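> Provide a 3D model corresponding to the input given below.
(2 chains)
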Amino acid sequence: NAGVTQTPKFQVLKTGQSMTLQCAQDMNHNSMYWYRQDPGMGLRLIYYSASEGTTDKGEVPNGYNVSRLNKREFSLRLESAAPSQTSVYFCASRVPDGNEKLFFGSGTQLSVL
Amino acid sequence: ELKVEQNPLFLSMQEGKNYTIYCNYSTTSDRLYWYRQDPGKSLESLFVLLSNGAVKQEGRLMASLDTKARLSTLHITAAVHDLSATYFCAVSNTGNQFYFGTGTSLTVIP
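Alright, predicted model coming up:
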């Protein structure tokens, strides 16, 4: 069981470059999330998708776009990367078992120079 | 917007000692979660607390929830080195969003 798979694990970009972070889950979960983690700030929600075909902004959506391609996949795109987007990005899906906890991927460490 | 505050942010404790991490949140919520993160790793679910007065225990960790005070605690009993990690609490509202605290970095010293 792979769970939540994120690619790539590491990425270095130059300011202004674009890239897409990929996330896929094989647990048949409806809801998926993108968070960024910065030192001293915990995890902040960028975007989430409650179900296939829907996406909503979180706390810090500026500079990002998302696509819920199908039930399994939820991608995060940086159109024009900025140094302020240097962070660790986590994808998560929500376990619909009554507890509704999040199940996280292994993270993508992104540096924007 | 729901705010979640944890304290302390950093905690250094000796093996064998007890300590408590506190998690306060700003508005009514029906679910409280605790996660653990090892350095360079992802987050792993520890506890889910679903109602006022809920208490969950696993090994040397015990979590409790007081929804009236909007407070959850994570109590560590007789700490061991393996408990060194960063601990996050998170709260969800009735929608789909989860709000995380800033984390408590715990170091257990031999």
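> what residue lies at the spatial centre of chain A?
Closest to where the C-alpha atoms of chain A average out (Cα atoms, centre = their mean) is residue A:34, at 2.8 Å.
> residues contacting that residue?
A:21, A:23, A:45-48, A:58, A:64, A:66, A:74, A:76, A:89-92 (Cβ atoms under 8 Å, 6 or more residues apart in numbering or on different chains). (Each C-beta comes from the backbone N, C-alpha and C, glycine too.)
> so which of those also contact chain B?
A:45, A:48, A:58, A:90 (Cβ under 8 Å from any Cβ of the partner chain).
> looking at those residues, which are in strands?
Residues of these located in strands (DSSP state E): A:45, A:48, A:90.
> and which of these is nearest to residue B:7?
Checking these against residue B:7 by Cβ to Cβ gives residue A:45 as the nearest, at 21.8 Å.
> got the contact list for the closest one?
A:33, A:34, A:35, A:58, A:59, A:60, B:97, B:98, B:99.
> pretty sure residue B:17 is in a strand, no?
No: checked against DSSP: H, G, I helix; E, B strand; the rest coil, residue B:17 lies outside a strand; its state is coil.
> how many other residues sit next to it?
12 (other Cβ atoms under 10 Å in any protein chain shown).
> would you report the backbone torsion angles of it?
Per-residue torsions, residue B:17: phi -90, psi 160 (degrees, to the nearest 10).
> which non-adjacent residue is nearest it?
residue B:79 (5.7 Å; Cβ to Cβ, 6 or more residues apart in numbering or on different chains).
> name the SS class of that neighbour, please.
coil.
> is it true that residue B:6 touches residue B:88?
Yes: taking contacts as Cβ atoms under 8 Å, residue B:6 lies within contact range of residue B:88: 7.4 Å.
> which helix or which strand is home to the most far-flung residue of chain A relative to its centre?
For chain A, the residue at maximal distance from the C-alpha centroid (Cα atoms, centre = their mean) is residue A:98, at 23.1 Å. Using DSSP states H and E, residue A:98 falls within no helix or strand.
> before we move on, the earlier item: show me which of the ones in strands among the ones next to chain B among the contacts of residue A:34 is closest to residue A:29.
residue A:48 (11.8 Å).
> got a pLDDT number for the nearest residue to residue A:53 once chain neighbours are set aside?
Spatial nearest neighbour of residue A:53, excluding adjacent residues (Cβ to Cβ, 6+ apart): residue A:68 at 6.4 Å. pLDDT recorded at residue A:68 is 96.
> show the pLDDT at residue 102.
By default, I'm working from chain A. Confidence score, pLDDT, at residue A:102: 92.
> hmm, I had chain B in mind actually
93.
> and residue B:60, by the same measure?
Per the predicted model, pLDDT is 97 at residue B:60.
> what's the closest non-adjacent residue to it?
Nearest to residue B:60 is residue B:77, by Cβ to Cβ, 6+ apart, at 4.8 Å.
> all set now, cheers.
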